[in-house]
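*Asks:* here is the input, now give the coordinates:
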Amino acid sequence: MLLHAALFRRGLTTKDVQKFPTELLSNETEQRCRRILGKNSLPPKVSAGVLVTLCTSGGAPAFLYTLRSSTLKGRHKGDVSFPGGKCDSSDRDVIDTALREAQEELGVTLSRSTIWGPMKPITDWTGMVIVPVLANIGCLEDLSMKPNREEVESLLTLPLSLACTSSIRGYTCFRQGGRYAYTLPVFRLPGHNVWGLTAMMTDSALSLLFPGSYHSVLSGSRAR
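*Replies:* Numbering: from 1, shown residues only. This is a model prediction of the structure:
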């Protein structure tokens with residue numbers, strides 16, 4: 001089942017939509033992002049890789065997320081996330097990790113040519129170093145996906161033009177030791193929220209795609 005966040009379009013104004021060009025994933029945008037991401041250096045020890053999946057759905061450029069199965073163990077069951085997981089000894093690099101995990105979760109084989117590059121690493125609360133890998137997997141209607149039902153309950157998309165609008169964006173402020181520590185973004189999809197590390201990755205990708213147009217709310221210690 002593919003849930004489309006265009007259900008929120010009624011909250012958009014014409015002015016909102018007109019701020020964004022028709023070809024949000026143009027070759028020019030791709031080459032600019034590849035140049036920027038190509039300068040990123042990876043830490044010596046990477047724990048996990050995540051595929052930050054750009055796509056086209058119904059003719060609209062979008063993010064593709066998975067809704068994790070509610071039957072999974074752990075604190076992230078039922079969460080909205082990008083495909084990803086821990087590095088394996090058979091992986092050549094974190095790109096291999098991200099592609100392998102995407103294949104396991106989405107049931108589709110993606111080539112390295114879809115990869116735009118590794119984004120800045122994120123360290124989670126356990127100390128695990130996670131590298132988001134930005135990729136454009138193309139038109140969803142052309143892909144024969146067979147999600148792993150043991151891990152994935154459903155697939156969700158969020159149009160890029162909508163992700164940048166205030167109608168679905170929020171934030172959460174966190175305190176540590178009685179003091180303000182950091183602010184994380186939240187993206188509200190129909191029936192689900194994109195939050196935590198997935199929201200941070202979404203936020204970083206939007207900042208990269210739309211410099212000057214998208215304004216991140218990420219701040220504090222988690223923004224470094």
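*Asks:* CA atoms for contacts and neighbours, from now on please.
*Replies:* Fine.
*Asks:* ends of stretch 120-127, how far apart?
*Replies:* One end of stretch 120-127 sits 15 Å from the other (Cα to Cα, to the nearest Å).
*Asks:* list the buried residues of it.
*Replies:* Buried residues in stretch 120-127, counted by 16 or more other Cα atoms under 10 Å: Lys120, Pro121, Ile122.
*Asks:* now that stretch, how far from the chain's geometric center?
*Replies:* 15 Å (Cα atoms, centre = their mean, to the nearest Å).
*Asks:* show me the contact partners of it.
*Replies:* Residues outside stretch 120-127 that contact it (Cα atoms under 8 Å, 6 or more residues apart in numbering) are Asn40, Leu42, Pro43, Val129, Ile130, Val131, Pro132, Leu197.
*Asks:* avg pLDDT for that stretch?
*Replies:* For stretch 120-127, mean pLDDT is 91.
*Asks:* before we move on, back to that, quick one, which of the contacts of stretch 120-127 are buried?
*Replies:* Counted by 16+ other Cα under 10 Å, those give Val129, Ile130, Val131, Pro132, Leu197 as buried.
*Asks:* just those: which are in strands?
*Replies:* Using DSSP state E, the subset of the buried ones among the contacts of stretch 120-127 located in strands is Val129, Ile130, Val131, Pro132.
*Asks:* circling back to that earlier point, and the contacts of stretch 120-127, which is closest to Thr29?
*Replies:* Closest to Thr29 out of the contacts of stretch 120-127 is Asn40 (17.4 Å), distances taken as Cα to Cα.
*Asks:* Thr71: which of the buried residues of stretch 120-127 is nearest?
*Replies:* Nearest to Thr71 among the buried residues of stretch 120-127, with distances taken as Cα to Cα, is Ile122, at 26.4 Å.
*Asks:* so what sits opposite the closest one in the bridge?
*Replies:* In this structure, Ile122 has the following beta-bridge partners (DSSP bridges): Ile130.
*Asks:* turn the contacts of stretch 120-127 into a markdown table, columns for distance to Gly49.
*Replies:* Conversion of the contacts of stretch 120-127 to a markdown table gives the following (distance: Cα to Cα, whole Å):
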| residue | distance to Gly49 |
| --- | --- |
| Asn40 | 15 |
| Leu42 | 11 |
| Pro43 | 12 |
| Val129 | 9 |
| Ile130 | 6 |
| Val131 | 5 |
| Pro132 | 6 |
| Leu197 | 12 |
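*Asks:* gap between Ile137 and Gly191?
*Replies:* Ile137 is 25 Å from Gly191, by Cα to Cα.
*Asks:* cool, Leu218 as well?
*Replies:* 23 Å.
*Asks:* these two: which has the busier surroundings?
*Replies:* Leu218 (21 against 7; other Cα atoms under 10 Å).
*Asks:* phi and psi next, for the more buried one.
*Replies:* phi -60, psi 120 (degrees, to the nearest 10).
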